[in-house]
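Participant: model the following, please.
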Amino acid sequence: MSTTTSSNGSPAWVKAMLAKYTSGVAHAFILHFNVNDYVVPGVTLKSYLGKVLAGRETVAFYNRAEGITFPIASMKGKFMAALGLEQKDDPALAALAGLSGQQEQELPKVPGAALPLLERLLKIGGDERKAAAVVIEFAETVAPAADTAAMSADDRTILVTLERWGRDPQIQATGNPVFLVTSNLTDLHASIRAASNKYEAVEVPLPDRDARRKFIEWYLEQREDIKLAEMTVDDLANATAGLSLVHIEDIFLRAAQEGALTRDLVRERKQDIIASEFGEVLEILEPRFGFEMIGGLQHVKDFFTRSVIKPLQTGNTARVPMGVLMTGPAGTGKTAVAEAVAKESGVNCAILNPAKLFGQYVGNTERNLDKALRAVESLAPVIVFIDEIDQAVSRGGGGDSGVTNRFFKRLMEFMSDTGHRGRVVFLAATNRPDLMDAALRRPGRFDKKIPFLAPDESEREAIFEVMARKYGVEIKSIPAACVTATNGWTGAEIEAAVVKAVEVMQDQNLTAPKALTYAVNAISPSTADIEYMTLLAIRECNDRDLLPPSYREMLKDRKALEQKIGEARPAETRGRREI
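Facilitator: Predicted coordinates:
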């Protein structure tokens, strides 16, 4: 979702929220995600809501630290008068103040005392009068996502109070709006988020490119002492994808200290910010190399160039697959190609490790996944890489209260959201596609399934050359004996031979050709079940053009292919039974 501004200058999410209010769809809203940012340049969410609600007689803000506050001082008097609390000897106010240990005329801070006052305010007036509005800040601290059975009696009362505000017919009749504000929607108690309570969840998204550019222009007008070095405004707007306006302001402030805003400063600060915001749920990858470091696999590189890299660069999003499943034996270059594709395309790249998202406490897993997916959306256009997806993503069993199933379902929904096409591209690697859930493998999630197979002779020579450059081995040509002797080796095993050659050159003072020949004879290939994994990868391929020419005929005869798979299946997997 993008913070695109509407014709009147309001962000699109504000326009959508107001439309739901004016049409009577909802009077209670949960504002979540990027709520600690500027809504428009220089205006925080709290200030913005104060302006939007300025036509109300009384606008009350509440959080546990400050209690009940008002955007305009005169509104406190109206609040006191509307509730009949202006008299010092009012027994109701005295009792409520006593609960919070405050003086008689001070408004209470504790939720159990403050929320009843706010509820009385919400029930005053009608549509024509526009009497009030209530904003609960840090709502997750008032009604946290905890086990209801473990909550105290007071906490359960607070929870029921907030639930009732969303569906109370008297409050609905007044037209007085309610806003709960939280950074993470899943931090708020699930019962409040339930559709039956009639709260409308509204995501406050991170700024899109246009919003970032406008903020940058505005900020530079305010601070003439800050100069852009090496970058234009458009360059900076592109480079700050995934950051909030507050984060961009932070970069400007640091630039003011150093005297200029450079590409290195933006890149380093962006890495620090995203690591601090999302580091525990998502790893941001800074690609180190492109296709120049990928030996062989020409048909793979051609596919990614045509269908992913160029479309992302030109905006031809219709051609970009939702996801690409890379299958084949270990060590055939799947992870390296994912990194190279990110480098070649020039977009953000993130590594999603589902195992890191599972938490030991109730709600932690859902919260972590939601945060990770928000981060992915904020980085768009982005390539998301999942390694060993057959082990990382599954439906799970029934022993975890359904957490794994909910996790699986939410991730599947995100991966198949067509609104992400051309913005979020999933690349996943697996040695065993047969162990993946059929729902995960289907088109719409992984539109293309491309096999990575053991390299042929010309590809092995190319891999030797790439690895020689990588490790600084100066050699004019790869010995033909080395290429021939490594038939059936994977790229990872060829790399191991080159590393061994470097050691031999240093330890025995051999020339590069002799060291390489020695290393090939010394290294013993260790990749298991290559034939079996190769056949599985071929069977999983859904487009013959994605196979090397020598393998394409195998897809025509599925029956023969299945027979070969059965013959090649490792003995320990035969006849395996599951309960």
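Participant: tell me which helix or strand in this structure has the weakest average pLDDT.
Facilitator: helix 91-99 (a mean of 55; mean pLDDT, DSSP states H and E).
Participant: so after the helix or strand hosting residue 409, what's the next helix or strand?
Facilitator: Using DSSP states H and E, residue 409 sits in helix 403-415. Remark: after helix 403-415, the chain's next helix or strand is strand 424-430, criterion DSSP H and E.
Participant: by contact count, what packs against that next one?
Facilitator: Strand 424-430 sits against strand 323-327, helix 334-345, strand 382-386, helix 389-392, with contacts defined as 3 or more CB pairs under 8 Å, 6 or more residues apart in numbering; DSSP states H and E. From N, CA and C alone the C-beta is placed, and that goes for glycine too.
Participant: in the helix or strand just after it, what counts as buried?
Facilitator: Downstream of strand 424-430, the next assigned helix or strand under DSSP H and E is helix 438-441. Using 16 or more other CB atoms under 10 Å as the test for burial, helix 438-441 gives 440-441.
Participant: related to what we said a few turns ago, would you turn the helices and strands packed on strand 424-430 into CSV with distance to residue 23 and mean pLDDT?
Facilitator: Shown next, in CSV, are the helices and strands packed on strand 424-430 (distance: least, CB to CB, whole Å; pLDDT from 0 to 100):
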stretch, distance to residue 23, mean pLDDT
strand 323-327, 37, 95
helix 334-345, 42, 93
strand 382-386, 34, 93
helix 389-392, 43, 88
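Participant: and these as JSON lines, adding mean neighbour count?
Facilitator: As requested, the helices and strands packed on strand 424-430 are exported to JSON lines (neighbours: other CB atoms under 10 Å):
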{"stretch": "strand 323-327", "mean neighbour count": "27"}
{"stretch": "helix 334-345", "mean neighbour count": "23"}
{"stretch": "strand 382-386", "mean neighbour count": "25"}
{"stretch": "helix 389-392", "mean neighbour count": "20"}
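Participant: all strands for the chain, in order.
Facilitator: Assigned by DSSP state E, the strands in the chain fall at 28-33, 38-40, 43-44, 58-63, 67-69, 132-136, 178-182, 199-204, 283-284, 323-327, 348-351, 382-386, 424-430, 448-451.
Participant: check contacts around residue 172.
Facilitator: Shown in contact with residue 172 (CB atoms under 8 Å, 6 or more residues apart in numbering): residue 27.
Participant: 10 Å - rerun?
Facilitator: 24, 26-28, 122, 165-166, 198 (CB atoms under 10 Å, 6 or more residues apart in numbering).
Participant: sorry, back to before: okay, the angle between the helix holding residue 409 and strand 424-430?
Facilitator: Between the axes of helix 403-415 and strand 424-430, defined by axes from the mean of the first three to the mean of the last three CA atoms, to 10 degrees, the angle is 130 degrees.
Participant: got a list of contacts for helix 403-415?
Facilitator: For helix 403-415, contacts defined as CB under 10 Å, 6+ apart pick out 322-323, 352, 354, 357-359, 362-366, 368-370, 372-373, 376-377, 384, 386, 393-398, 400, 402, 420, 424, 426, 428, 437, 439-440, 442, 444-446.
Participant: any stretches of this structure with poor pLDDT?
Facilitator: For the chain, applying pLDDT under 70 flags the ranges 1-8, 86-105, 127, 359-363, 396-401, 571-579.
Participant: domain map for this protein?
Facilitator: Under the assignment automatic domain parsing, the domains of the chain span 12-204, 209-278, 291-451, 455-579.
Participant: can you give me the end-to-end distance of the shortest one?
Facilitator: Yep, that's domain 209-278 we're talking about. 20 Å (CA to CA, to the nearest Å).
Participant: flag every buried residue along stretch 278-288.
Facilitator: 278, 281-285, 287.
Participant: now it, how far from the centre of its chain.
Facilitator: 10 Å (CA atoms, centre = their mean, to the nearest Å).
Participant: likewise stretch 213-232?
Facilitator: For stretch 213-232, the distance to the chain centre is 28 Å (CA atoms, centre = their mean).
Participant: now do that stretch: everything it contacts.
Facilitator: With CB under 10 Å, 6+ apart, stretch 213-232 has contacts from 5, 9, 37-38, 40-42, 207, 233-240, 244-246, 248-249, 251-253, 255-256, 258-266.
Participant: how about that stretch: buried residues?
Facilitator: Neighbour-count burial for stretch 213-232, counted by 16+ other CB under 10 Å, picks out 213-216, 219-220, 226, 231.
Participant: stretch 416-432 too?
Facilitator: So, applying 16+ other CB under 10 Å, buried residues of stretch 416-432: 420, 422-432.
Participant: same deal with stretch 62-79?
Facilitator: By 16+ other CB under 10 Å, the buried positions in stretch 62-79 come out as 62-63, 67-71, 75, 78-79.
Participant: which of those sit farthest apart?
Facilitator: 63 and 78 (20.4 Å; CB to CB).
Participant: circling back: I'd like to know which of the contacts of helix 403-415 are buried.
Facilitator: 322-323, 352, 354, 357, 363, 365-366, 368-370, 372-373, 376-377, 384, 386, 393-394, 420, 424, 426, 428, 440, 445-446.
Participant: hang on, the earlier thing: which among the buried residues of stretch 213-232 gets closest to residue 270?
Facilitator: residue 231 (12.9 Å).
Participant: how close does that closest one sit to residue 266?
Facilitator: Going from residue 231 to residue 266 by CB to CB, to the nearest Å gives 7 Å.
Participant: go on, residue 354?
Facilitator: Taking CB to CB, one finds residue 354 at 30 Å from residue 266.
Participant: measure the closest residue to residue 334 other than its chain neighbours to residue 490 for me?
Facilitator: Nearest non-adjacent residue to residue 334, counting by CB to CB, 6 or more residues apart in numbering: residue 429, 3.8 Å away. Separation of residue 429 from residue 490 (CB to CB) stands at 13 Å.
Participant: shared neighbours, these two?
Facilitator: 328, 330, 332-333, 452.
Participant: who wins for most neighbours among the residues you listed?
Facilitator: residue 332 (29 neighbours; other CB atoms under 10 Å).
Participant: contact partners for it?
Facilitator: Counted by CB under 10 Å, 6+ apart, residue 332 has contacts 296-297, 300, 326, 429, 431, 451-455, 490-492, 527, 530, 533-534, 537.
Participant: tell me the contacts of residue 197?
Facilitator: Neighbours of residue 197 in contact, by CB under 10 Å, 6+ apart: 28, 162-167, 191.
Participant: excluding its backbone neighbours, what's nearest it?
Facilitator: Excluding the flanking residues, the one nearest residue 197 by CB to CB, 6+ apart is residue 166, at 4.2 Å.
Participant: which residues does the one you found contact?
Facilitator: Residues in contact with residue 166, defined by CB under 10 Å, 6+ apart, are 26-30, 172, 178, 180, 192, 194-200.
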